[in-house]
Each structure stands twice: as C-alpha cells, then as structure tokens.
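Engineer: using only what follows, build the 3D model:
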Amino acid sequence: MITRRLQVLLENVTPGKLADIGTDHGYLPISAIQNGISESAIACDIAQGPLLTAQKNIKQAGLTSRIETRLGYGLQPVAVGEADCIVIAGMGARNIMGIIEKAGISFFCPAGMKNPKLVLGPQHDIEELRRFLHKNSFDIQSERLVNEDGRFYIIINALWAKQISAYSEAEYFAGRISDPFYFAYLQDQHAKILRYIDAVTNKEAKELAKKRLKWLEELC
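Structural biologist: Predicted structure coming up:
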C-alpha cells in the first residue's frame, strides 16, 4: 500500500543503489524499483519478524534478485559504498541520530567515493535532529512536509558537506519548508504549544515554550 508518506519518501530517493534502514514490510524498496527509481536495494531491519514479512513481499513482487534483506542494527549490515541513497524513516529522531553516530561520519564521506544522500523521516524531536545534522557537517538540502490523515510529518534530505546552510533558531524548530501546507503546519504547532504552556508547571520548560511561540510567529 502506497501511503502519502511513502510517496514523498520515494520522490526524494535518488537513482542508484538504495539502503532502506528499518524497512518493516519492505514497501519502500519494492516501490523504488517498481517505479524505476532504484536499480537495486538493501532492506535492513533490526528485528527478524519484519524482515521475514519484507522477504515475503519482495518474493511476491518478483524482486528477490534486486532486493537483498539484511538483519542488524542501523547501517551495520551495509558496507561503505554500497548505497547511493540511504532512507532512515518511521522512527524517532534520537534513534536516527544513534544510527548515524554508530556508522561513523566516514561512512557518509568515503574517500574517493560519492557521498550517499540521506532521506530522513523522524517521528519526533525534529529540532534536535536538525541541530545534530549541522553539528556533524550534514547540509540539510531540503525539507518536505507531508499531511497524512490529519497529521504532519517532515522528510529531511541531507548530505555530508564541507559547507552547510545556516538555520535561524526559528528554522531549527520549525524547519525551512516551501509547501502549501506549511502555514497550516505552523498553526498546528502554535496551538500545541499554547496547550502545553497552559498545562506545564516547570518554569524553564514554560519559558522555552514561549520562545518557540515567538519563533513560530517570526515564520508566520
């Protein structure tokens, strides 16, 4: 099943060899090959159950010769240079950061090879992920906004680079996004923060929330 989120992820996958980290049912690599985006793919998952499901779906699609499944944490099952594009989606930002840290920066800027593109789909803690990427010399090339079933999701495209495009404090929190739904997204975040401010009692947390409100107002 092609969801709106999966469709946007596919739109951001670059041609060549794909590595899908946390593949779950294997729908992304299957769709990437069926749509002529990827020539081959490695589907990875930390759990045996989802990987068996992915293997079944890959077999049914007739793509066992083009999609290889591998069991393991993050990028550990993938060798340097095996992927032109790496998708890490459907998990929290801290899990994504852990996967990148565990692989090591040299994985993303291999000597004499093309740097693989990262397509990231964090579920939460997105501000923290943006700061992490810039701190580790990953340039955020673009961000996409997905509105699926009344909920907003962010897709981040990043590449290790010698120079990065700086973000303002407001952009670290709410992103740098050109999308018809961006204003609706900002309004949604604004409403959530107002509810949080009414409920929270911790003084420092309340002050940070008020700062975020100001950042959102800057972008609106």
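
Engineer: all contacts plus neighbour counts: C-alpha atoms, from now on.
Structural biologist: OK.

Engineer: show me what counts as buried in the helix or strand that contains Lys214.
Structural biologist: Using DSSP states H and E, Lys214 maps to helix 203-219. Using 16 or more other Cα atoms under 10 Å as the burial criterion, the residues of helix 203-219 that qualify are Lys206, Ala209, Lys210, Arg212, Leu213, Trp215, Leu216.

Engineer: need the contact list for the last one.
Structural biologist: Taking Cα atoms under 8 Å, 6 or more residues apart in numbering, we find Leu216 in contact with Ala170, Ala174, Leu186, His190.

Engineer: number of nearby residues for the last one?
Structural biologist: Put plainly, it is His190. Residues near His190, counting by other Cα atoms under 10 Å, number 19.

Engineer: so what's the residue nearest to it when sequence neighbours are not counted scoring on pLDDT?
Structural biologist: Leaving aside its chain neighbours, His190 sits nearest to Leu213 (6.4 Å; criterion: Cα to Cα, 6 or more residues apart in numbering). With respect to pLDDT, Leu213 scores 92.

Engineer: next one: the helix or strand of the chain with the lowest mean pLDDT to chain centre, how far?
Structural biologist: Among the helices and strands of the chain, helix 203-219 carries the lowest confidence by mean pLDDT, DSSP states H and E, at a mean of 91. Centroid displacement of helix 203-219 relative to its chain, using Cα atoms, centre = their mean, to the nearest Å, is 25 Å.

Engineer: find the residue at the geometric middle of the protein.
Structural biologist: Leu120 (1.3 Å; Cα atoms, centre = their mean).

Engineer: so where do the strands sit in this structure?
Structural biologist: Shown for the chain, the strands assigned by DSSP state E span residues 16-21, 38-45, 67-71, 85-91, 117-122, 138-148, 151-160.

Engineer: okay, those strands in a markdown table with mean pLDDT and distance to Ala166 next?
Structural biologist: Listed next are the strands of the chain as a markdown table, based on pLDDT from 0 to 100; distance: least, Cα to Cα, whole Å:
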| stretch | mean pLDDT | distance to Ala166 |
| --- | --- | --- |
| strand 16-21 | 98 | 28 |
| strand 38-45 | 97 | 31 |
| strand 67-71 | 97 | 36 |
| strand 85-91 | 96 | 23 |
| strand 117-122 | 98 | 18 |
| strand 138-148 | 95 | 9 |
| strand 151-160 | 96 | 13 |
